[in-house]
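A.B. asks: Just the structure for this:
(chains A, B and C)
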Amino acid sequence: MSSSSPLLDIQNLQTHFGTIDGVVRAVEGVSFHINAGETLGVVGESGCGKSVTAMSILRLIQQPPGRIAGKILFKGTNLLELSEPEMQSIRGKDISMIFQEPMTSLNPVLTVGRQIGETVMLHEGLSAKDAEQRAIEMLTLVGIPAPARRVREYPHQLSGGMRQRVMIAMALACSPQLLVADEPTTALDVTIQAQILELMRDLKTRVGAAIMLITHDLGVVAEMCQRVVVMYAGRKVEEGSVEEIFLNPLHPYTQGLMGSMPKLGSSLHESGRSKLTEIQGVVPSLRKPIIGCAFASRCPKVTDACRQMAPAIEEKAPNHLVACHYAPRAAAAA
Amino acid sequence: MSTTTLPPDGFNAAPKLADVLPPRKERGRIGMFIYRHPTIAVGGFMVSLFVLMAIFAPLLWTVDPTALAPARRTRPPSAQWWFGTDMLGRDVYSRVVYGARISLIVGFATAIISAVIGLTIGLISGFIRAVDAVVMRVMDGLMSIPSILLAIAMMALTRASVENVIIALVIADVPRVARLVRGVVLTLREQPYVEAAVAAGTRTPMIIWKHILPNTLAPVTVQATFFCASAMISEATLSFIGAGTPPIIPSWGNIMAEGRALWQVKPYIVFFPAIFLSITVLSVNLLGDGLRDALDPRMAKRI
Amino acid sequence: MFAYTVRRVIATIPVMGVVALFVFSLLYLAPGDPAAIIAGDQATPEDVERIRASLGLDRPFLVRFLEWLFRVLQGDLGVSIFTNLPVAHMIKQRLEPTFSLMALTLAIALTFAIPMGVLAAWKQGTWIDRLVMVFAVLGFSVPVFVVGYLLAYTFALQLDWFPVQGYTPIANGLGGWLSNLMLPAVALGGVFIALIARITRATMLEVLSQDYVRTAKAKGVGQRAILFVHALKNAAVPIITIIGLGFAGLIGGAVVTESVFAIPGVGRLVVDAILRRDYPVIQGVVLMFSFVYVIVNLIVDLLYTVFDPRIRY
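C.D. replies: A predicted model of the protein is given here:
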């Protein structure tokens, strides 16, 4: 891990929800960091706590019924200790967010220009007129044709890809240092997906923002990210550089994820790979405390030890953290 | 790198994390029901109480609610006359207890009859396009007449009786049920499983019976509960303005109508039936709210 | 936009037609002999015949309906059996108090109900929310005339803040008009506040759970702007719809409220007409109020386009 202080440092994040059926532990003790300017991928199946982690960073979780604990240090400040107005001045300015559903993430009764302009009016105190001007600039930047006309239009007059461009324009309007992108391309056509990713990569270098990219698409991760965090059942099970994770996955779950992908690298056993192309079983319920390893019920290598004792997350290879009792320690690190 | 049964470098347990929220309280089955559906529990309990009161009115220390006694007119509430006596010397307590019968009969009858008729009309017009156009025009027209006025107009042309009050209120409510059911039918018809049944050649009555009817029952039950509550208010309102049940019958509306002339000096004659009516309607409304939340979580967000 | 307006206006014509037909046919649909019922128990056979002829019950239905409809379209609602005055004239004289009462009620209801509903949705699950919901259920459960008597007893009889009953025309000064109407309007407003507060809360809850509200929050928009700019405008269509539909209850409630507070309005006219079995007056009032109700809902339909840019069909 780098010794210089990271842009965002999440320590022991727990996000729980009190429901009528009991407590749901959506995120349970997750720690990771993002350095300035880097792109971190967060992967995992749906329901593994990726989105809740992202929402927790911006404190978009309703409290109650939710509850966030742990530390979220942004440039050294614990976001969880800020007052709501202080948090508001960070949202959209220092940290902004793009959501999965471009069709529903824009307000249908406000014009596109109004929605982009609102951010700069709030954070930079621009007048309505200047804000509209900025909105036009932003629309140009994200490659929307005829921006001066589009700025007065409503979301329903735009296509899905265009709406996601608007979302990106909105998120980048104040040049944030961190962009949290929650499945930004999942709802889009494949061709549009590539365009949006290209746009994000391009703008990232221009604005100089770090990106936390949440996705279940390993192809997107390989294309966009420097480092990867793998999540399972609300926990971080593995973390490392893209090369390490793709070429040398150590956690059985990560191996399973890779096994369901077209062949990448050659580190998997022939016999193991054919078994792991499909991960058996279902994700455990998050309503009950999980004793032992969260992946135990689906793990091909499970032992009694796994069922009784949750594995600590340990650095098993340089810059490669794994939470598995049986993950072999790389020779160099040992 | 082979899969051994022993970890290569010993076990290291992850640190234990404390829960950040208090655990759920353990509850028994009844406790859980009350916790989940408090309004059904409270509303249902209170409605049952009023129903029992209406059924067992003669046993509840009442006297003949129509017995006149000019000698003891307008006595205030006392140990002998719990709610006092009215201007004809009748025991207000007995009249109020018996009055529950009229309110509940009107409420339940209106709700059930309009639900059944409305359900039938809604199902037919949801399935037969030719009927739909005409019937829904008529329903729209009927719904455009404020229901109390519709009832007033009808009552002005018929002899005052409990049955006629029920008929008048049913006519006002039927279009609303029919509209609701028709809406549900039109949505359901688009559902893949219904389309599949149609494609498989299932006959229309069978489709209605197996796929449509079960899905309309929940919203209709909820709406019927609210109609029951509003019918009780409407009956009282109609009686109050002289267009309801015949004055001889001790309904809560009639007791209040009779107390009207004296309300400034003898407010208790109006007060007691008003309290009973309000609490009964409140109970039914609570029950309706609870049923709506329980039966149709999506509808809970509407109205 | 223009096409939409025209279409909505045209759509009200068949509705009004059905209303007219139904109100007219009641005379024929009613069980028993309406002429005899209207004439009352002490009437002579001649009286019954006279009423039968004046109602036109002796002539064929269709002829009579078309004749009647034609006259109604010209503003002729027939003649009162009791006073022999034209019904349209009698109604016109009584319009001011009724519309004053409804307008004041509407103003009070909107002023209180919408903030109440927004607040309840924002503070969902807290005691504020519960308080609003309790008030809403009570509003639906306590009849208007009971609330009326309660208010009159407390604020007029006991505290003497307002007159017990009566009406002062607005031409005689706003103060008298207001002080006479305040209690009736609050009494009548109870149900309406309950209705609007409930739908506002329910719709706001739905809107607040939408993705675009999350987007607004993620941009750093403050709570107040989220509620009143981002959410309320999206909630507007269901809210104004319920206001339009609730107008029927407002009309029905006005009839009763006018009786309680002795306000010489159209509602009072119809209640007096019930006691006298003056059917032409009842018919005229029902028709007039139904017309008002249809027009209100037409206005609501047209307002949709103001709040939601997607509605343009």
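
A.B. asks: which other residues reach the helix or strand where residue B:256 lies?
C.D. replies: Residue B:256 belongs to helix B:252-259 when assigned by DSSP states H and E. Outside helix B:252-259, the residues that touch it by C-beta atoms under 8 Å, 6 or more residues apart in numbering or on different chains are B:86-87, B:92, B:95-96, B:99-100, B:102-103, B:235-242, B:244-245, B:247, B:266, B:269-270, B:272-274, B:276-277, C:145-146. (Glycine included, C-beta is placed from N, CA and C.)

A.B. asks: could you give me the average pLDDT of it?
C.D. replies: Mean per-residue pLDDT for helix B:252-259: 85.

A.B. asks: tell me which residues in the next helix or strand after it are buried?
C.D. replies: Next in sequence after helix B:252-259, counting helices and strands by DSSP H and E, comes helix B:267-295. The neighbour-count check on helix B:267-295 (16 or more other C-beta atoms under 10 Å in any protein chain shown) flags B:267-274, B:276-278, B:280-294 as buried.

A.B. asks: Just confirm yes or no for helix B:267-295 near chain C.
C.D. replies: Yes: with C-beta under 8 Å from any C-beta of the partner chain as the criterion, chain C is reached by helix B:267-295 at B:267, B:270, B:274, B:277-279, B:281-282, B:285-286, B:289.

A.B. asks: Just the angle for that helix relative to helix B:252-259, thanks.
C.D. replies: Helix B:267-295 runs at 160 degrees relative to helix B:252-259, counting by axes from the mean of the first three to the mean of the last three C-alpha atoms, to 10 degrees.

A.B. asks: Remind me what helix B:267-295 packs against, helices and strands.
C.D. replies: With contacts taken as 3 or more C-beta pairs under 8 Å, 6 or more residues apart in numbering or on different chains; DSSP states H and E, helix B:267-295 sits against helix B:38-55, helix B:92-127, helix B:213-240, helix B:252-259, helix C:127-141, helix C:144-151.

A.B. asks: Give me the phi and psi for residue C:40.
C.D. replies: Dihedral angles of residue C:40 (phi, psi; degrees, to the nearest 10) stand at phi 90, psi 170.

A.B. asks: give me every residue that touches the residue found closest to it once you drop the neighbours it is linked to in the chain.
C.D. replies: Taking C-beta to C-beta, 6 or more residues apart in numbering or on different chains, and ignoring the residues beside it in sequence, residue C:40 has residue C:277 as its nearest neighbour in space, at 6.3 Å. By C-beta under 8 Å, 6+ apart, the residues touching residue C:277 are B:156, C:37-40, C:81.

A.B. asks: Give me the number of neighbouring residues for residue 142.
C.D. replies: This is for chain A. 23 (other C-beta atoms under 10 Å in any protein chain shown).

A.B. asks: My question was about chain C, not that one.
C.D. replies: Neighbour count of residue C:142, defined by other C-beta under 10 Å: 23.

A.B. asks: start to end distance for stretch B:194-203?
C.D. replies: 11 Å (C-alpha to C-alpha, to the nearest Å).

A.B. asks: Check which residues of it are buried.
C.D. replies: In stretch B:194-203, counting by 16+ other C-beta under 10 Å, buried: B:194, B:197.

A.B. asks: Over to stretch A:58-72?
C.D. replies: Using 16+ other C-beta under 10 Å as the test for burial, stretch A:58-72 gives A:58-61, A:66-70, A:72.

A.B. asks: how about the residues you listed in JSON lines, adding pLDDT, secondary structure and distance to chain C?
C.D. replies: Formatted as JSON lines, these follow (pLDDT from 0 to 100; DSSP: H, G, I helix; E, B strand; the rest coil; distance: C-beta to the nearest C-beta, whole Å):
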{"residue": "A:58", "pLDDT": "90", "secondary structure": "coil", "distance to chain C": "6"}
{"residue": "A:59", "pLDDT": "90", "secondary structure": "coil", "distance to chain C": "9"}
{"residue": "A:60", "pLDDT": "88", "secondary structure": "coil", "distance to chain C": "6"}
{"residue": "A:61", "pLDDT": "86", "secondary structure": "coil", "distance to chain C": "10"}
{"residue": "A:66", "pLDDT": "84", "secondary structure": "strand", "distance to chain C": "13"}
{"residue": "A:67", "pLDDT": "86", "secondary structure": "strand", "distance to chain C": "14"}
{"residue": "A:68", "pLDDT": "87", "secondary structure": "strand", "distance to chain C": "15"}
{"residue": "A:69", "pLDDT": "86", "secondary structure": "strand", "distance to chain C": "20"}
{"residue": "A:70", "pLDDT": "87", "secondary structure": "strand", "distance to chain C": "20"}
{"residue": "A:72", "pLDDT": "89", "secondary structure": "strand", "distance to chain C": "15"}
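
A.B. asks: Kindly indicate which of those residues lies nearest residue B:208.
C.D. replies: Using C-beta to C-beta, residue A:66 is the member of the buried residues of stretch A:58-72 that sits closest to residue B:208, with 43.8 Å.

A.B. asks: what phi and what psi does the backbone show at the nearest residue to the closest one once chain neighbours are set aside?
C.D. replies: Excluding its sequence neighbours, the residue lying closest to residue A:66 (C-beta to C-beta, 6+ apart) is residue A:17, at 4.9 Å. The phi and psi values for residue A:17, taken as degrees, to the nearest 10, are phi -120, psi 130.

A.B. asks: Tell me which other helices or strands the lowest-mean-pLDDT helix or strand in chain C touches.
C.D. replies: One helix or strand of chain C scores below all others by mean pLDDT, DSSP states H and E: helix C:34-39, with a mean of 75. When contacts are defined as 3+ C-beta pairs under 8 Å, 6+ apart, helix C:34-39 sits against helix B:147-157, helix C:45-55.
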